[in-house]
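1. generate coordinates for the sequence data below:
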Amino acid sequence: MCYSILPSTGEVIQIDRWQKGYTATRFNDGNRAENEAIKDKFNEKLGVSKAQEQAMLAGSMIRWDSIAAKPKSYDENGKAIKPKDYER
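-> Residues are numbered from 1 along each chain as shown. Take a look at the predicted model:
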């Protein structure tokens, strides 16, 4: 499990591994920047890296077996790495 931000609204969402989609949370104050800080705090407590968070977001929205659902597809800041730049 991890927390992320719903790209379309900026709301904090919960993502459960292998589940399609997300679960809405009560941890939203309407401010995207504050919601980002909230989800980062929760993920830190859970031991979830930014790369893992982005991989889980992709898995829940695309497919869990896609390359985008693999943490190695992202750098330590959760930014996508070009396919030729990561170790296979």
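
2. next up, the contacts around Arg17.
-> Met1, Met56, Gly59, Trp64 (Cβ atoms under 8 Å, 6 or more residues apart in numbering). The way it works is simple: take the backbone N, C-alpha and C, and place the C-beta from them, glycine included.

3. quick one: the helices in this structure, in order.
-> Residue ranges of the helices in the chain, as given by DSSP state H, are 32-46, 50-61.

4. now the ones you listed in CSV, with mean pLDDT, distance to Glu76 and mean neighbour count?
-> Below are those laid out as CSV (pLDDT from 0 to 100; distance: least, Cβ to Cβ, whole Å; neighbours: other Cβ atoms under 10 Å):
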stretch, mean pLDDT, distance to Glu76, mean neighbour count
helix 32-46, 96, 13, 15
helix 50-61, 97, 7, 21
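
5. which among those is found nearest to Ile81?
-> helix 50-61 (9.0 Å; Cβ to Cβ).

6. what is the distance between the closest one and the centre of its chain?
-> Mean-position distance between helix 50-61 and its chain equals 4 Å (Cα atoms, centre = their mean, to the nearest Å).

7. pull the residues that contact it.
-> Against helix 50-61 from outside (Cβ under 8 Å, 6+ apart): 2-4, 15-22, 39, 43, 48, 66, 68-78, 80.

8. now the residues you listed: which count as buried?
-> Buried residues within the contacts of helix 50-61, counting neighbours by 16 or more other Cβ atoms under 10 Å: 2-4, 15, 22, 39, 43, 48, 68-70, 73-74, 78.

9. closest to Ala33 out of the residues you listed?
-> Among the buried ones among the contacts of helix 50-61, Lys39 lies closest to Ala33 (Cβ to Cβ), at 11.2 Å.

10. distance-wise, check the residue nearest to that closest one when sequence neighbours are not counted relative to Glu44.
-> Once flanking residues are discounted, Lys39 sits nearest to Tyr3: 4.1 Å by Cβ to Cβ, 6 or more residues apart in numbering. According to Cβ to Cβ, to the nearest Å, Tyr3 stands 10 Å off from Glu44.

11. common neighbours of those two, please.
-> With Cβ under 8 Å, 6+ apart as the test, Tyr3 and Glu44 reach no residue in common.
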